[in-house]
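Participant: A predicted structure for the sequence below; I have some questions about it.
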Amino acid sequence: MYGSPLTTNARKLLLLGSGELGKEVALEAQRLGVETIAVDRYANAPAMQVAHRCHVTDMLDGAAIRKIIEDEKPDFIVPEIEAIATETLLELEQEGFNVIPTARAARLTMDREGIRRLAAETLGLPTAPYQFADSLDELKVAVKEIGLPCVIKPIMSSSGKGQSVCRTEEDIEKCWNYAMEGGRAKKARIIVEGFITFESEITLLTIRSVSGTSFCAPIGHVQKDGDYIESWQPHAMTVEQIKQAEEIALRITDELGGYGLYGVELFITQDGVLFSEVSPRPHDTGMVTMATQDLSEFALHVRAILGFPIPTIRLLSPGATHTLKADRESASFRVGGLEEALSLPNTQVRVFGKPETKVGRRMAVALCTAGNTDEARDLARQAAESLRIQYD
Ligand SMILES: Nc1ncnc2c1ncn2[C@@H]1O[C@H](COP(=O)(O)OP(=O)(O)OP(=O)(O)O)[C@@H](O)[C@H]1O
Ligand SMILES: NCC(=O)N[C@@H]1O[C@H](COP(=O)([O-])[O-])[C@@H](O)[C@H]1O
Ligand SMILES: [Mg+2]
């Protein structure tokens with residue numbers, strides 16, 4: 001039982017990160033009468049536009065995050081991005097705050113080394129071969145060990161920032177410099193992974209709630225330069241592949257614990273399913289569930305967080321998403337083409353409302369359903385291609 005938002009008995013959910021995914025979490029929380037507070041590094045972030053209140057702060061500044069949380073006293077602290085002062089979250093959890101799904105999950109997944117060592121070395125899950133390096137010289141040695149081609153990523157980055165494929169020895173220095181520019185922390189540490197020639201890659205949304213662990217139908221996706229372009233659900237898989245995928249997802253989410261939705265990223269290869277990484281929060285590729293499922297990944301996250309049951313998750317239709325990205329930096333622009341996009345059948349659009357564009361920044365997504373995923377992908381691509389950004 002809890003009171004209405006903005007009254008003394010309100011249940012309060014504070015988002016650390018306020019992008020397009022947080023916006024949907026805030027909306028779902030509000031549907032259940034929860035007070036929402038959005039925090040991010042810049043003003044007018046998408047979730048701030050729908051939350052009851054907001055705060056702008058450096059998300060890696062532990063003292064600043066602590067001050068906001070001590071003042072707000074939220075019932076749930078919900079990380080929405082990776083780059084947060086997670087040491088402070090560990091402390092706050094110790095002091096009795098509820099970090100979703102757990103502060104340790106946020107801490108481990110903030111940095112590729114934490115989650116990769118846990119998955120591969122502690123749990124023994126199959127992954128791409130990997131090495132870490134702190135300098136260009138160390139990287140050269142690591143590339144020799146792993147072999148070419150390989151994938152080089154800053155240990156702290158997301159949405160493909162600073163990530164590149166190294167194909168020849170001459171590329172190594174370029175990849176190192178690219179990783180140094182794209183990483184979000186001061187640490188100059190990178191991971192080198194063997195390049196996996198996968199048949200497909202999926203996100204397995206896995207929910208830990210009072211009802212136990214539930215899985216959504218697998219979501220297939222295509223990424224370009226490490227960032228997602230399109231996703232679809234369900235992704236066709238054999239019974240054995242689904243079994244392996246669910247086993248991996250169960251192992252890693254059981255280890256990380258807590259209540260909430262996880263996005264488990266997996267590579268489907270000829271030799272079986274490999275663990276790639278996991279988000280302890282809704283996943284960008286999972287936006288497709290806003291069109292395909294009775295409960296979207298955002299609704300599921302909120303239900304799990306609040307401690308409510310999730311007896312069933314229904315896939316209502318095959319569906320797909322396709323993203324709209326900006327190609328330059330601007331604070332004065334318009335998103336157009338909605339008339340054309342929305343004249344397509346079974347099509348919806350989410351315009352995130354980000355205040356500025358940047359090269360490669362995701363600004364909107366098209367969501368479509370159809371009789372099968374191929375048709376849905378075609379439709380979503382057409383819808384996204386109808387959308388355009390006009391810069392002043
Ligand atoms: N070892 C690999 N072999 C082949 N492709 C890879 C490898 N690692 C990453 N990729 C490709 O790059 C994409 C992004 O990689 P990864 O998920 O590690 O980065 P990320 O920055 O965390 O992205 P996001 O935040 O969007 O999940 C993967 O989905 C996959 O398409
Ligand atoms: N792959 C992670 C992901 O998609 N995260 C989503 O993107 C936002 C940041 O976008 P921005 O970089 O455009 O501000 C995050 O806040 C989250 O919603
Ligand atoms: Mg990823």
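Facilitator: Sure, I can see it. Because the structure is a prediction, the values reported are computed rather than measured. Ligands and ions are numbered 1, 2, ... in the order given.

Participant: For Gly182, which non-adjacent residue is closest in space?
Facilitator: Gly162 (2.0 Å; C-beta to C-beta, 6 or more residues apart in numbering). Placement of C-beta: from N, CA and C, glycine included.

Participant: for Ser214, same thing?
Facilitator: Ile207 (4.6 Å).

Participant: Report how many residues lie close to the one you found.
Facilitator: 24 (other C-beta atoms under 10 Å).

Participant: Strands of the stretch 51-200 of the chain, start to end?
Facilitator: 53-56, 76-79, 130-133, 150-154, 164-166, 190-194, 200-209 (DSSP state E, counting those that start in this stretch).

Participant: Tell me what Val151 is bridged to.
Facilitator: Taking DSSP bridges as the rule, Val151 bridges to Val165, Glu193.

Participant: what's near enough to touch it?
Facilitator: Ala128, Gln163, Ser164, Val165, Cys166, Val192, Glu193, Gly194, Phe195 (C-beta atoms under 8 Å, 6 or more residues apart in numbering).

Participant: what about Ala26, which helix or strand?
Facilitator: helix 20-31 (DSSP states H and E).

Participant: If you rank the contacts of Val151 by neighbours, which is first?
Facilitator: Val192 (27 neighbours).

Participant: distance of that residue from Ser330?
Facilitator: Note on Val192: its distance to Ser330, by C-beta to C-beta, to the nearest Å, is 35 Å.

Participant: Could you do Ala51 as well?
Facilitator: From Ala51 to Ser330 the distance is 25 Å (C-beta to C-beta).

Participant: Show me which of the two is the more surrounded one.
Facilitator: Under the criterion of other C-beta under 10 Å, the comparison of Ala51 against Ser330 puts Ala51 first, with 26 against 14.

Participant: OK, contacts around the nearest residue to that one once chain neighbours are set aside?
Facilitator: Nearest non-adjacent residue to Ala51, counting by C-beta to C-beta, 6+ apart: Ala38, 3.8 Å away. Counting by C-beta under 8 Å, 6+ apart, Ala38 touches 14-15, 18, 22, 26, 45, 47-48, 50-51, 53-55.

Participant: try it again with 7 Å
Facilitator: Leu15, Ser18, Gly22, Ala26, Ala45, Ala47, Met48, Ala51, Cys54 (C-beta atoms under 7 Å, 6 or more residues apart in numbering).

Participant: since we're on the second one, how many residues are nearby?
Facilitator: The local packing count at Ser18 equals 32, with neighbours defined by other C-beta under 10 Å.

Participant: Same question for the third one.
Facilitator: Other residues near Gly22 number 29, with proximity taken as other C-beta under 10 Å.

Participant: Quick check, Gln390 in contact with Arg334.
Facilitator: Yes - using C-beta atoms under 7 Å, Gln390 makes contact with Arg334 at a distance of 4.8 Å.

Participant: What is the neighbour count of the residue found closest to Phe352 once you drop the neighbours it is linked to in the chain?
Facilitator: Leaving aside its chain neighbours, Phe352 sits nearest to Glu20 (4.2 Å; criterion: C-beta to C-beta, 6+ apart). Using other C-beta under 10 Å, the number of residues around Glu20 comes to 23.

Participant: What are the boundaries of the helices in the chain?
Facilitator: Using DSSP state H, the helices of the chain run over 20-31, 62-72, 86-94, 103-110, 112-116, 136-146, 172-182, 239-256, 289-292, 297-306, 338-342, 373-386.

Participant: Return the member of those helices having the minimum mean pLDDT.
Facilitator: Ranked by mean pLDDT, the helices of the chain end with helix 172-182 at the bottom, a mean of 93.

Participant: domain parsing for this protein?
Facilitator: 12-99, 129-194, 200-391 (automatic domain parsing).

Participant: Including distance to ligand 1, could these go into TSV?
Facilitator: Formatted as TSV, the domains of the chain follow (distance: least, C-beta to the nearest ligand atom, whole Å):
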stretch	distance to ligand 1
domain 12-99	7
domain 129-194	3
domain 200-391	4
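
Participant: Between those domains, which one is closest to ligand 2.
Facilitator: Closest approach to ligand 2 among these (C-beta to the nearest ligand atom): domain 12-99, 2.1 Å.

Participant: where's that closest one relative to the chain centroid, distance-wise?
Facilitator: In this view, domain 12-99 has its centroid 16 Å away from the chain centroid, taken as C-alpha atoms, centre = their mean, to the nearest Å.
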